[in-house]
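Please find the sequence and the predicted model below.
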Amino acid sequence: MSFFGSMIPAAAWGHAFAFAFQHATTAVAFHQHHHAPRLSCFPGVTMSVGGDKNNGGNARAESSSSSIRRRSLAAMLAAGGAGGGGGSGFLSGLFGDNDDGKRGNVANAADGGFASKGPTNEVVKSVNGMRQRRLGGSDIIVSELGLGTQRWVSTDFNAPDKEQVFKFMDKALLESGVNLIDTAEQYPIPSDGKVASEGDSELVIGEWMKSRKLDKGEGRRKVVIATKITGGRNVTPKNIIRDCDGSLRRLGVDYLDVYQLHWPARYSPQSNWGQSLAYSIEAEKSPYWRGMGGSTSFEELCIAMQGLIDAGKIRGWGLCNDNAYGLAGCTRTARALGITPPCSIQGDFSLIDRKSEENGVAEAASPYNENVGFMAYNALAGGMLTGKYADRPAALDNAERDAVIEAMRNPRGRMDEFGWSRTLYRYRTEAARAAIEEYADIAKGAGMSLTELSLRWCRQRTLVTTTLVGHTSMEQLQQSIDYFTRGKALGDDVIWEVDRVHMKNRLPIFSSNRVGKDWDGEGEIGERIP
């Protein structure tokens, strides 16, 4: 019996269901009449997605037997029953309670027409010492270390070129048990449209896949490709199909393993690389988000992604730079529609950015709740957690003019480059640097580098399914592989020391002593100043 069922008499349930059904159907009719393009999760509808084989799509017509089945509110109410005692019904089914009123077991998200293959983060196998885990409730299995490709063949001063990138993939994917590549239609960043253009990262990956005979057949199944559609107002049902086809074409493959929103289709304070914690109702109601019919709804998003799955173009889908509201909104909508929920959410996560463990994402993603995998990026905080900036400040933080010029002339990394240095300031706040110094001392005491501590800590967090790491040299890649395949887990004493630092300096990247207005009325950590 659900909580609601235990509190409300049986007779009252019948009236409540009738009232809910009447008003829900009225609302649906109003919604359809006044917002024709918007889809509701209540009516039973089917959707077919076509495709042009020459345009990168798989072009398999959706048969009637594979039509997307939608559960209407009436059917859900009937399934919940106006049975005596208000037992396991519509509300309890939707929120995953069992007949005895207890929360669901592991892989709770199996309800609603999508059969979970198992709990997220389950270790399925080990290849050359690299553990591979289940991503969400899907049958997609990913290595604990994934290749981040944001700067591959970009215009950055130290960006790996095509030859280096090929060597990275040979080493990681063919020799070391890594099977995951994460990219995006917007990569590389930065690009100038001349030396490097958006989409080039996918093109290079596609060339490598073809040259190694991994672009089709049995070979294709050896590599998990996760790519992204550009977020915001670009995310519409039409553009989801168009942009997916573009990625398929550039990658030269018939399907994608995971298709992700680079950032939410709606307004969210987490959209800007997760830089903001504060929700702004003024931003929410801005013309950008509310104009022209508003942003794409959860229903439209879920239905469009299911269309790609039914067309054979993707195996699963996910979110990036989102929060617990977005995650649960998508999973619950998909379950109500009886279609495939997202299998992953990707977010900024490191020793100095543990917000995803504390803002509801970890709870929502848990196999006991929505059963969604977590891809961690920026585990080294833009290079700050490697220790290479410990000897002197990043270029823009240095008060000495000559030192600034020298740092930019011979940069140690992105923090010494003008554009990136401003963008990544959040990892260099006074609070962040103080925490990093303490973490460096912990690493030294444990007989390891700060880089090793950072990656091994990330690897063994219960939230994390896989950690995406970018590299600029083969030496860096080999170190990452070693950290994920060798040695024991960090001891309780080390974890305790790390947690002590965290407890007294929580979320340091959101705390800044440089609060002068910068850029478009924002402080340097990206948080808008009232």
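That came through fine.

Not counting residues beside it along the chain, what's closest to Phe114?
Thr340 (5.2 Å; CB to CB, 6 or more residues apart in numbering). C-beta coordinates here come from the backbone N, C-alpha and C atoms, glycine included.

Identify the residues contacting Ser176.
Contact analysis of Ser176 by CB atoms under 8 Å, 6 or more residues apart in numbering lists Asn128, Met130, Ile481, Thr485.

Show me which pair in these is furthest apart.
Using CB to CB, the two most remote members of the contacts of Ser176 are Asn128 and Ile481, lying 8.9 Å apart.

Check which helix or strand the residue nearest to Phe114 maps to.
Using DSSP states H and E, Thr340 falls within no helix or strand.

does Ala115 count as helix, strand or coil?
When classified by DSSP: H, G, I helix; E, B strand; the rest coil, Ala115 comes out as coil.

tally of neighbours for it?
10 (other CB atoms under 10 Å).

Check it and give its pLDDT.
Ala115 carries a pLDDT value of 84.

Same check on His35?
For His35, pLDDT reads 36.

ditto for Val142
99.

Would you agree it is in contact with Gln132?
Yes: the pair Val142 / Gln132 is scored as a contact, 6.4 Å apart, by CB atoms under 8 Å.

what's the overlap in contacts for those two?
Residues touching both Val142 and Gln132 (CB under 8 Å, 6+ apart) are Asn179.

Tell me which of these two has more neighbours.
Val142 (26 against 23).

Where does that one fall, secondary structure wise?
Using DSSP H and E, Val142 falls within strand 141-143.

what's that strand packed up against?
strand 123-127, strand 130-134 (3 or more CB pairs under 8 Å, 6 or more residues apart in numbering; DSSP states H and E).

Can you list the strands that it pairs with?
If you go by DSSP bridges, strand 141-143 pairs up with strand 130-134 (antiparallel).

quick one, the strand it pairs with and strand 123-127 angle?
Between strand 130-134 and strand 123-127, the angle comes out at 150 degrees (axes from the mean of the first three to the mean of the last three CA atoms, to 10 degrees).

element containing the nearest residue to Leu396 once chain neighbours are set aside, please.
Nearest non-adjacent residue to Leu396, counting by CB to CB, 6+ apart: Ser421, 4.6 Å away. For Ser421, the host element (DSSP H and E) is helix 418-423.

Buried residues in that helix, which are they?
Going by neighbour count (16 or more other CB atoms under 10 Å), the buried part of helix 418-423 is Trp420, Ser421, Thr423.

Present those residues as CSV; the columns should include distance to Lys210.
CSV is the format used below for those (distance: CB to CB, whole Å):
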residue, distance to Lys210
Trp420, 32
Ser421, 37
Thr423, 34
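
From Trp263, how far off is Ala283?
Using CB to CB, to the nearest Å, we find Ala283 at a distance of 14 Å from Trp263.

same thing with Ser295?
Where Trp263 is concerned, Ser295 sits at a distance of 12 Å (CB to CB).

shared neighbours, those two?
Gly232.

higher neighbour count, the two?
Neighbours per residue (other CB under 10 Å) separate Ser295 from Trp263, with Trp263 holding more: 24 against 19.

ok, for that one, nearest residue in space, not its chain neighbours?
Gly231 (3.4 Å).

Could you verify my assumption that the one you found touches Asn321?
Yes: the pair formed by Gly231 and Asn321 meets the contact definition of CB under 8 Å, at 7.5 Å.

got any ranges where the stretch 51-200 of the chain has weak pLDDT?
Applying pLDDT under 70 to the stretch 51-200 of the chain flags residues 51-113.

What residues does the spatially most central residue of the chain make contact with?
In the chain, the C-alpha nearest the mean C-alpha coordinate belongs to Gln346, at 2.0 Å (CA atoms, centre = their mean). By CB under 8 Å, 6+ apart, the contact list for Gln346 reads Asp182, Gln260, Gly318, Leu319, Cys320, Asn321, Phe374, Met375, Ala376, Tyr377, Leu468.

what do you get for Arg220?
Met209, Leu214, Val253, Asp254, Tyr255.

Now with 7 Å, please.
Listed by CB atoms under 7 Å, 6 or more residues apart in numbering, the contact set of Arg220 reads Leu214, Val253.

how much space is there between Trp152 and Asn158?
Trp152 is 12 Å from Asn158, by CB to CB.

Pick out whichever of those two has more residues nearby.
Trp152 (30 against 13).

how about the more buried one, what does it touch?
Counted by CB under 7 Å, 6+ apart, Trp152 has contacts Ala159, Pro160, Val165, Tyr187, Pro188, Ser201, Val204.

How is it assigned, secondary-structure-wise?
From three-state DSSP, the assignment for Trp152 is coil.

Now do it against Ile141, distance only.
Taken as CB to CB, the span from Trp152 to Ile141 is 24 Å.

Give me the residues contacting stretch 402-419.
Outside stretch 402-419, the residues that touch it by CB under 7 Å, 6+ apart are 157, 190, 382-384, 388-389, 392, 394-395, 398, 420-421, 424, 428.

what do you get if the cut-off is 8 Å, keeping everything else the same?
156-158, 190, 382-384, 386, 388-389, 392, 394-396, 398, 420-421, 424, 427-428.

likewise stretch 505-512?
277, 352-355, 358, 381, 425-427, 429-432, 434-435, 438, 523-525, 527.

how about 10 Å then?
274-278, 348, 350-355, 358-359, 378, 381, 384, 424-436, 438, 501-502, 523-527 (CB atoms under 10 Å, 6 or more residues apart in numbering).

can you confirm Ala403 is in a helix?
Yes: counting by three-state DSSP, Ala403 is located in a helix.

Counting neighbours, what do you get for it?
Neighbours around Ala403, by other CB under 10 Å: 13.

Ok, Met448 next?
18.

again with Gly326
By other CB under 10 Å, neighbour count at Gly326 equals 26.

In three-state terms, label it for me.
helix.

Relative to Gln270, how far out is it?
From Gly326 to Gln270 the distance is 8 Å (CB to CB).

Please apply the same query to Pro393.
28 Å.

of these two, who's got more company?
Gln270 (25 against 18).

so what's that one up against?
263-264, 276-277, 279, 320-326, 347-348, 355-356, 359, 361.

Quick check on these: which are buried?
Buried, going by 16+ other CB under 10 Å: 263-264, 276, 320-326, 347-348, 355-356, 359, 361, out of those.

just so I have it, where are all the strands in the protein?
Listed in chain order, the strands of the chain (DSSP state E) span 123-127, 130-134, 141-143, 145-148, 180-182, 224-229, 256-261, 314-320, 344-348, 373-377, 466-469.
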